[in-house]
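Enquirer: Sharing a model prediction with you, sequence too.
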Amino acid sequence: MHDGALEFAVRDLVQVRQVGDTSEPGLSIHAEGVFVVVTLSVRNVGVVPRTLVDRDQALIDSRGQRFTVSTAANIYGNLDIPSNRMDPGEQLEVNLAFDVPVGTAPRSMVLRESATSDGVIVALP
């Protein structure tokens, strides 16, 4: 599935209470509820560089409620990724963490190239 010049594929989904490097003090963060962490593979299929912006993405639960990403959790969950910028043809694997109430049933995501694009709805496993 793609939106604009970004092609998306969901690779994994887990629910955890903490993200980051739990072996190092100060390099992880705890959820207020639970983190739904979605691992995405994103490829720039365009002809100019693109940047994946985490806050442009949304999680939708089984009741239709939308959740925005936890920017702090995304920083801790992607410590090994120096940038979300992709040159043409480049692919990035990134974790998007959403802090949701315990018991939330994630069903889909709206993935966007940019805040102004239509986005594409992707079902979650």
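Expert: Alright, I've got the coordinates.

Enquirer: mind checking the SS state of the nearest residue to residue 70 once chain neighbours are set aside?
Expert: Distances taken as C-beta to C-beta, 6 or more residues apart in numbering put residue 99 closest to residue 70, at 4.4 Å, once the chain neighbours are dropped. For glycine as for every other residue, the C-beta is placed from the backbone atoms N, C-alpha and C. Under DSSP: H, G, I helix; E, B strand; the rest coil, the three-state class of residue 99 is strand.

Enquirer: And for residue 99, the neighbour number?
Expert: For residue 99, the tally of surrounding residues (other C-beta atoms under 10 Å) stands at 20.

Enquirer: pretty sure it is in contact with residue 29, am I right?
Expert: No. Between residue 99 and residue 29 there is no contact under C-beta atoms under 8 Å: 9.1 Å.

Enquirer: Give me the common contacts of those two.
Expert: 70, 73 (C-beta atoms under 8 Å, 6 or more residues apart in numbering).

Enquirer: Paired strands for the biggest strand by length in the chain, with orientation please.
Expert: Across the chain, the longest stretch assigned as strand under DSSP state E is strand 28-44. When sheet partners are counted by DSSP bridges, strand 28-44 sits next to strand 6-20 (antiparallel), strand 91-100 (antiparallel).

Enquirer: Look through every helix and strand of the protein and give the one with the lowest mean pLDDT.
Expert: helix 71-77 (a mean of 86; mean pLDDT, DSSP states H and E).
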